[in-house]
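Student: sequence and predicted structure are below.
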Amino acid sequence: MAGCSAAPEDEPPAASTVTPLPSQVGKGLPAAIDTAVKAHYGYGLSEATGRGQLQRVTAQDWKVCFQKPGPLSDSVIFGVVRTQEQCPDRWIDKLTD
């Protein structure tokens, strides 16, 4: 088609320029969310003990125990517990396990 240009099919796609999100482990959930949003990351939450207590979350009541990349290159999943609880030794992630 005249006047249209397209990249040759044998060229690889442009590399992603997503900067890794610094670890938010040990921080309160409000600070972790704020950092993710400022870095233009989407985020998800998973209750880290596997008990599924995340029906209605007040961010101030939770802390980050674990962090891993989300399903998109600019997303993250935080494994969280209530602030008064200790972090478990292992993350029982019901979102992906």
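Tutor: That came in fine, so what should we check first?

Student: make it CA atoms for all contacts and neighbour counts henceforth
Tutor: OK.

Student: what about the strands in this protein?
Tutor: Assigned strands in the chain, in chain order: 42-47, 62-69, 75-82 (criterion: DSSP state E).

Student: and these, which is most packed in?
Tutor: strand 75-82 (a mean of 24; mean count of other CA atoms under 10 Å).

Student: touching that strand from outside, list them.
Tutor: 29, 36, 41-49, 61-70, 87, 91, 93 (CA atoms under 8 Å, 6 or more residues apart in numbering).

Student: using PDB, write out the CA atom coordinates for it.
Tutor: The C-alpha trace of strand 75-82 is given here as PDB (Å, rounded to 0.1, in the frame of the first residue of the first chain):
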ATOM      1  CA  SER A  75       2.700  -5.200  37.800                       C
ATOM      2  CA  VAL A  76       3.500  -6.700  41.200                       C
ATOM      3  CA  ILE A  77       1.800  -8.900  43.700                       C
ATOM      4  CA  PHE A  78       2.200  -8.200  47.400                       C
ATOM      5  CA  GLY A  79       1.800 -11.000  49.900                       C
ATOM      6  CA  VAL A  80       0.400  -9.300  53.000                       C
ATOM      7  CA  VAL A  81      -0.600 -10.100  56.600                       C
ATOM      8  CA  ARG A  82      -2.400  -7.900  59.200                       C
END
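
Student: ok now that strand, how far from the chain's centre?
Tutor: From the chain centre to the centre of strand 75-82 is a distance of 7 Å (CA atoms, centre = their mean, to the nearest Å).

Student: and it, what's its mean pLDDT?
Tutor: Taken as a whole, strand 75-82 carries a mean pLDDT of 94.

Student: mind starting the numbering at 606 from now?
Tutor: Renumbered: residue one is now 606, and that last one reads strand 680-687.

Student: quick check: angle from that strand to strand 647-652?
Tutor: Taking axes from the mean of the first three to the mean of the last three CA atoms, to 10 degrees, one finds strand 680-687 and strand 647-652 inclined to each other by 30 degrees.

Student: pairing partners for strand 680-687, with directions?
Tutor: Sheet pairing of strand 680-687 (DSSP bridges) gives strand 647-652 (parallel), strand 667-674 (antiparallel).
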